[in-house]
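> turn this into a structure:
(2 chains, ligands or ions: 2)
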Amino acid sequence: MNSLLNIDNLDLTLENTSILRDISLEINEGETTAVIGPNGCGKSSLAYTIMGLKDYTPDKGEIFFKGEEISGYSIDERAKKGITLAWQEPARFEGVTVREFLSLGLKSRGEQVTEKKLARALREVAIVPEKYLDRNIDETLSGGERKRIELASILIMEPELVMLDEPDSGVDVVALNNIGNVISDFKKENTGVLLITHSEEMLDFADKAVLICKGKIIKKGNPGEISEYFRYECTPCEDEDYEKHTKQEVENVG
Amino acid sequence: MDDYQMMVEAYKEAGGEDVFADSEVAHVVLERDNILGAHEVEGLSVDLKNREEGLVGVKIEVKEGYKIQKPVHMCFGVLPEKGVQKIDMEIEVQEEAEVEVMADCVFPSAAKVKHIMNADIHIRKGGSYTYKENHYHGEKGGVEVIANSDIKLEENSYLYTIFSLLEGRVGKIDFDYEAELGDFSTMEMLARMQGAEDDEIKIREAGKLKGRGARGLLDSKIAVQDDASAEILNELTASAPESQGHVDCTEIIKDEAVARAVPIVEVRDPEAKVTHEAAIGSVDDTQLQTLMARGLDKEEASEVIIQGMLND
Ligand SMILES: Nc1ncnc2c1ncn2[C@@H]1O[C@H](COP(=O)(O)OP(=O)(O)OP(=O)(O)O)[C@@H](O)[C@H]1O
Ligand SMILES: [Mg+2]
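Ligands and ions are numbered 1, 2, ... in the order given. As a prediction, this is how the structure comes out:
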């Protein structure tokens, strides 16, 4: 398996608060890495930093995509290289239809957007194309519908590396299966996936997992083990022994 | 090509539909003060008069109970680079009558053009008037529009207006629309405009909800860039029981552009309610970054967002 993403010793500070600390991570082609951890531990921040969002410039460390350091690239330059992001809480757009939204990525690369491609992407996430293609991607969509359309818009782009930020949250159990299928599709296409999730079911689709606590990766391993550890053994982060605790865990990872 | 054909061509180029040969469609075509075409349909009269030097009077009346099937088309404009067009418009929608008017104002080669429009609109009991005005001012920014409307809505009547200028330059626009609403009447007034370079947009829209259960909506969406400026004054006064109003103003700015929104809401009856929302700023970051993560550069992404907002 070829290496796709390599993060080395990444630190991120936002408004004088340390958000990510010494993050090192590798994602290979066709491999899904789950990122788990408590609310506010820095999972989304990690995805934003890889995507290069505004303010998410690391203070330290390097991000390599297919061997090339990408920290200096803008969001759209990274997207053009094959990296993209499905947001935890996707934005709404007034006056932009689902059809337009799904077509944007391909059009920007000068590729043709066929009805067939649009329909296939939507069906993958259990959205009936005829009902939704001409609807606006605004506040009239439900939260779950919006998230599924977000995923469809990523799928249609055929990225090389995708960060899925809690694709399952707010989505019903039936559609949850489809999200699993989407991840399997990515795998087939040799796409690397960074899967941020709180759900056990989603972890079944991951090949590896990392547990983040207060901005640090404290454990890496197979998804079942990491999840088990997080649920039953992880010391709550508010614990005053936190510093000692993470130090010890990092040594274990080490 | 004669003037009439040239106006129709300019109108079509600005996105207008070619309806002038359809005998079921009432229309008016004016180039400066030249009356180039007029057509009536059953239930709707069109009266055009050259008044004093350079001023044209346009009177449209929809007779009681008539529901005009196809929208009336009005085409106003100035073809040369320089010129003045002054129109006094009178609209009478009689009781229980219904009509939709699509007005296109085209100034395709304008370098120094002035368009002055004064409108008196009277919608009687149960009447309904839909007015869609679309402007195309060319690419030089040499147009000045001064438009005043006095609107009266009687009991149970309905008014919908939308003004759009989405292509080319604005030049200068100074708008003043004022409406008075009777019992259970409804008004929706929308404006969609895009300004660039040194364009100046000034809009005042005022609604007086005087009748019981009257409803008013003022909704403006404006995008300005470069050195353009936009000032939107939205005033809603609710003075009768159960009257309700909402003011909504969204302005997106880029570059050195300046946008101002002044909502004035006034309520004079404990059973009335008026709400307002205003959002002014640059393009939303999350929206922008979402599209950039799909490979669009910053310019392309903000264009998608702005066009979406304006076309909503
Ligand atoms: N601009 C900012 N300035 C300061 N702190 C910030 C800023 N943005 C985010 N944070 C903080 O960074 C931390 C990490 O946030 P992040 O959104 O990455 O968490 P998360 O792991 O994705 O959480 P969740 O599971 O709730 O989605 C949080 O404590 C958050 O409050
Ligand atoms: Mg998050």
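> which residues of chain B lie near chain A?
With CB under 8 Å from any CB of the partner chain as the criterion, chain B meets chain A at residues B:284-287, B:289-298, B:300-301, B:304-305, B:307-312. (Each C-beta comes from the backbone N, C-alpha and C, glycine too.)
> again, only using 10 Å
Selection of chain B residues close to chain A by CB under 10 Å from any CB of the partner chain yields B:192, B:221, B:250, B:284-298, B:300-301, B:304-312.
> next step: those restricted to strands.
B:R192, B:K221, B:T250 (DSSP state E).
> mean confidence for stretch A:148-157?
Stretch A:148-157 carries an average pLDDT of 95.
> what about the closest residue to ligand 1 within the stretch 201-312 of chain B, distance to B:S302?
Nearest residue of the stretch 201-312 of chain B to ligand 1, counting by CB to the nearest ligand atom: B:D285, 11.6 Å away. B:D285 sits 11 Å away from B:S302, going by CB to CB, to the nearest Å.
> between the two, tell me which one has more neighbours.
Set B:D285 next to B:S302 and count neighbours by other CB atoms under 10 Å in any protein chain shown: B:S302 wins out with 22 against 13.
> contacts only, for the residue nearest to the spatial centre of chain B.
For chain B, B:F163 is the residue whose C-alpha lies nearest the centre (CA atoms, centre = their mean; 2.4 Å). Shown in contact with B:F163 (CB atoms under 10 Å, 6 or more residues apart in numbering or on different chains): B:103, B:105, B:131-135, B:145, B:147, B:173, B:175, B:177, B:189-193, B:203, B:205, B:220.
> what about 7 Å?
Going by CB atoms under 7 Å, 6 or more residues apart in numbering or on different chains, B:F163 touches B:E133, B:A191.
> and the helix or strand hosting A:S44, C-alpha only, in PDB?
With secondary structure defined by DSSP states H and E, A:S44 is part of helix A:43-51. Coordinates of each C-alpha in helix A:43-51 appear next as PDB, following Å, rounded to 0.1, in the frame of the first residue of the first chain:
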ATOM      1  CA  LYS A  43     -10.700  15.900  15.800                       C
ATOM      2  CA  SER A  44     -12.300  18.500  13.500                       C
ATOM      3  CA  SER A  45      -9.300  20.800  14.000                       C
ATOM      4  CA  LEU A  46      -7.100  18.000  12.700                       C
ATOM      5  CA  ALA A  47      -9.200  17.700   9.500                       C
ATOM      6  CA  TYR A  48      -9.300  21.500   9.100                       C
ATOM      7  CA  THR A  49      -5.500  21.700   9.400                       C
ATOM      8  CA  ILE A  50      -5.100  19.000   6.700                       C
ATOM      9  CA  MET A  51      -7.500  20.900   4.500                       C
END
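> okay, now the sheet partners of the following helix or strand past it, with direction.
Next helix or strand after helix A:43-51 toward the C-terminus (DSSP H and E): strand A:60-65. For strand A:60-65, the paired strands and their directions (DSSP bridges) read strand A:3-14 (antiparallel), strand A:68-69 (antiparallel).
> quick check: buried residues in strand A:60-65?
A:G61, A:I63, A:F64, A:F65 (16 or more other CB atoms under 10 Å in any protein chain shown).
> all helices of the chain, in order?
Assuming you mean chain A. For chain A, the helices defined by DSSP state H occupy A:43-51, A:75-81, A:98-108, A:115-124, A:129-132, A:143-155, A:173-188, A:200-203, A:223-232, A:242-253.
> correction: the question concerned chain B.
Using DSSP H, the helices of chain B run over residues B:3-13, B:285-292, B:298-311.
> which secondary structure elements does the helix or strand of chain B with the lowest mean pLDDT sit against?
Least confident helix or strand of chain B, by mean pLDDT, DSSP states H and E, is helix B:3-13 with a mean of 85. Applying 3 or more CB pairs under 7 Å, 6 or more residues apart in numbering or on different chains; DSSP states H and E, one finds that helix B:3-13 contacts strand B:27-31, strand B:34-39, strand B:72-77, strand B:98-106.
> from the helices of chain B, which stretch is densest packed?
Highest mean neighbour count of the helices of chain B: helix B:285-292, a mean of 22 (counted as mean count of other CB atoms under 10 Å in any protein chain shown).
> got a list of contacts for it?
For helix B:285-292, the external contacting residues (CB under 7 Å, 6+ apart) are A:53-54, A:75-76, A:79, A:87, A:90-91, A:93, A:104, B:298, B:301-302, B:304-305.
> spatially nearest residue to the residue of the stretch 51-200 of chain A found nearest ligand 2 (excluding sequence neighbours)?
In the stretch 51-200 of chain A, the residue that lies nearest ligand 2 is A:Q88 (4.8 Å; CB to the ion). Spatial nearest neighbour of A:Q88, chain neighbours left out: A:D165 (4.0 Å); criterion: CB to CB, 6 or more residues apart in numbering or on different chains.
> can you name the residues bridging to that neighbour?
Assessed by DSSP bridges, A:D165 has beta-bridge partners A:I196.
> ok, it - contacts?
Contacts of A:D165 (CB under 7 Å, 6+ apart): A:S44, A:A47, A:L85, A:A86, A:W87, A:Q88, A:I196.
> for stretch A:102-116, list the C-alpha coordinates in CSV.
Only the C-alpha atoms of stretch A:102-116 are listed here, as CSV (Å, rounded to 0.1, in the frame of the first residue of the first chain):
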residue,chain,number,x,y,z
LEU,A,102,-22.9,18.4,-6.7
SER,A,103,-21.6,19.6,-10.1
LEU,A,104,-19.2,22.3,-8.8
GLY,A,105,-16.2,20.1,-8.0
LEU,A,106,-16.2,18.3,-11.3
LYS,A,107,-16.9,21.5,-13.3
SER,A,108,-14.0,23.2,-11.7
ARG,A,109,-11.7,20.5,-13.0
GLY,A,110,-13.3,20.9,-16.5
GLU,A,111,-15.1,17.5,-16.2
GLN,A,112,-18.5,16.7,-17.6
VAL,A,113,-21.3,16.2,-15.2
THR,A,114,-23.9,13.8,-16.4
GLU,A,115,-27.3,13.1,-15.0
LYS,A,116,-26.2,9.6,-14.5
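> quick check: mean pLDDT of it?
Stretch A:102-116 shows a mean pLDDT of 93.
> one more: stretch B:60-75?
97.
> low-confidence ranges in chain B?
Residue ranges of chain B with pLDDT under 70: none are present.
> could you report the neighbour count for residue 37?
As the question left the chain open, I've gone with chain A. By the criterion of other CB under 10 Å, A:G37 has 25 neighbours.
> ah, no, chain B please
Look at B:G37: counted by other CB under 10 Å, it has 18 neighbours.
> could I get the CA-only coordinates of stretch B:284-303 as PDB?
What follows is stretch B:284-303, C-alpha atoms only, in PDB (Å, rounded to 0.1, in the frame of the first residue of the first chain):
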ATOM      1  CA  ASP B 284     -19.400  33.700   4.700                       C
ATOM      2  CA  ASP B 285     -16.200  31.800   5.500                       C
ATOM      3  CA  THR B 286     -17.700  28.400   6.000                       C
ATOM      4  CA  GLN B 287     -19.600  28.600   2.700                       C
ATOM      5  CA  LEU B 288     -16.500  29.900   0.900                       C
ATOM      6  CA  GLN B 289     -14.200  27.200   2.300                       C
ATOM      7  CA  THR B 290     -16.800  24.500   1.500                       C
ATOM      8  CA  LEU B 291     -16.600  25.400  -2.100                       C
ATOM      9  CA  MET B 292     -12.900  25.800  -2.100                       C
ATOM     10  CA  ALA B 293     -12.600  22.300  -0.700                       C
ATOM     11  CA  ARG B 294     -14.300  21.300  -3.900                       C
ATOM     12  CA  GLY B 295     -11.600  22.900  -5.900                       C
ATOM     13  CA  LEU B 296     -13.100  26.300  -6.700                       C
ATOM     14  CA  ASP B 297     -10.700  29.300  -6.200                       C
ATOM     15  CA  LYS B 298     -11.800  32.100  -3.900                       C
ATOM     16  CA  GLU B 299     -13.200  34.200  -6.700                       C
ATOM     17  CA  GLU B 300     -15.200  31.400  -8.300                       C
ATOM     18  CA  ALA B 301     -16.500  30.300  -4.900                       C
ATOM     19  CA  SER B 302     -17.700  33.800  -3.900                       C
ATOM     20  CA  GLU B 303     -19.400  34.200  -7.300                       C
END
